[in-house]
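**Student:** Let's see this in three dimensions:
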Amino acid sequence: MLLFTAEQTNYSNTLRSSWLALLGKSLLAFLIFIALGFFSGCSISDRTTYEDGEGRIPEKVFSDIRRGKTEKSWLVSQLGEPDILQSGPDSKEIYTYRLMRAQEKHADLLIFLRYDGVSRDVEYFHVFFENNIVRRHWRDSVSEVQTRRYFGKITPEPVETVAQEQTAFDVEPEHKSELTPPSSSSMLAPSPSQPEEVPNGWTAEAKRELAL
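**Tutor:** You can find the predicted model right below:
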């Protein structure tokens with residue numbers, strides 16, 4: 001009787017352990033299934049695009065730009081004339097394009113939650129040219145570039161002054177002489193003296209004496 005009771009107790013313990021093991025495996029499988037379903041139904045995407053005044057710019061335009069190879073004419077054909085042009089010495093230029101950056105976010109969480117959002121802000125695309133070849137390009141939030149870094153210190157060219165010769169008739173004497181030489185018109189021969197009038201009744205001799 002005691003032996004039968006001990007065997008029955010051992011059987012019950014074994015059966016209980018089997019059920020607990022099976023329950024544990026089932027619970028683990030259920031948790032794994034829930035986790036797989038959650039992650040398979042959850043998707044998050046993030047995309048950034050750029051636009052200008054004419055519409056969206058393909059990302060390929062930016063990826064095709066090569067330093068030291070891409071020519072200015074090709075870039076202008078893709079993006080148009082720049083919004084800001086900064087010119088420097090030795091055929092150096094900086095083109096700046098004003099772009100609108102749109103960051104799109106999309107998220108799906110199972111079948112219950114969905115998120116779609118877009119944030120927009122202004123960004124500037126700068127291209128540094130030397131001899132009409134792209135040397136560097138970058139994007140930031142600054143509209144104008146500090147040109148000293150790329151153009152160097154620009155010194156103004158010296159201004160040459162040319163001394164003009166003054167002719168004799170352009171120069172006036174500082175002091176004019178108060179005494180001016182007589183003109184040729186004033187150096188004329190003296191006019192003959194007119195004879196004095198002789199009263200009537202005088203003799204011819206008296207007239208001659210009066211004339212002398």
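
**Student:** Could you use CA atoms for every contact and neighbour count after this?
**Tutor:** Noted.

**Student:** Out of the helices and strands in this protein, which is least certain?
**Tutor:** Every helix and strand of the chain was ranked by mean pLDDT, DSSP states H and E. The lowest is helix 204-211, at a mean of 61.

**Student:** What segments of this protein are strands?
**Tutor:** All strands of the chain, identified by DSSP state E, fall at 42-52, 55-57, 84-87, 92-109, 113-130, 133-140.

**Student:** Check what contacts the third one and list those residues.
**Tutor:** Taking CA atoms under 8 Å, 6 or more residues apart in numbering as the criterion, the residues outside strand 84-87 that touch it are E93, I94, Y95, T96, Y97, E144, T147.

**Student:** could you redo the last one with a cut-off of 7 Å?
**Tutor:** By CA atoms under 7 Å, 6 or more residues apart in numbering, the residues outside strand 84-87 that reach it are E93, I94, Y95, T96, Y97.

**Student:** What of the first one?
**Tutor:** Outside of strand 42-52, the residues within contact range by CA under 7 Å, 6+ apart are 56-57, 98-110.

**Student:** what's the farthest-apart pair in the residues you listed?
**Tutor:** R98 and L110 (39.4 Å; CA to CA).

**Student:** Which one's more surrounded, the two?
**Tutor:** Neighbours were counted for R98 and for L110 using other CA atoms under 10 Å; R98 has more, 21 against 14.

**Student:** how far away is that one from E123?
**Tutor:** Using CA to CA, to the nearest Å, one obtains 6 Å as the distance from R98 to E123.

**Student:** Can you pull out the low-pLDDT segments for the chain?
**Tutor:** Low-confidence segments of the chain (pLDDT under 70): 1-13, 15-16, 19-20, 33-42, 109-112, 154-212.

**Student:** beta partners for V118?
**Tutor:** Judged by DSSP bridges, the bridge partners of V118 are E104.

**Student:** ok, now which ones touch it?
**Tutor:** A102, Q103, E104, K105.

**Student:** How many neighbouring residues does the last one have?
**Tutor:** Look at K105: counted by other CA under 10 Å, it has 15 neighbours.

**Student:** what does the second one give?
**Tutor:** By the criterion of other CA under 10 Å, Q103 has 15 neighbours.

**Student:** likewise the third one?
**Tutor:** E104 is flanked by 15 other residues according to other CA under 10 Å.

**Student:** so what's it up against?
**Tutor:** Neighbour list for E104: D46, R47, T48, G117, V118, S119 [criterion: CA under 7 Å, 6+ apart].

**Student:** swap the cut-off to 8 Å and go again
**Tutor:** The contact partners of E104, by CA under 8 Å, 6+ apart, come to D46, R47, T48, D116, G117, V118, S119.

**Student:** what's the distance between the third one and N131?
**Tutor:** This points to T48. Using CA to CA, T48 is found at 32 Å from N131.

**Student:** Likewise for the last one?
**Tutor:** Summarising the geometry, the distance separating S119 from N131, computed by CA to CA, is 38 Å.

**Student:** Check the second one too.
**Tutor:** As judged by CA to CA, R47 and N131 stand 35 Å apart.

**Student:** again with the fourth one
**Tutor:** For D116, the distance to N131 under the criterion CA to CA works out to 45 Å.

**Student:** Count the neighbours of the nearest residue to D121 once chain neighbours are set aside for me.
**Tutor:** Closest residue in space to D121, ignoring its immediate chain neighbours: R101 at 5.5 Å, by CA to CA, 6 or more residues apart in numbering. Residues within reach of R101, counting by other CA under 10 Å, total 18.
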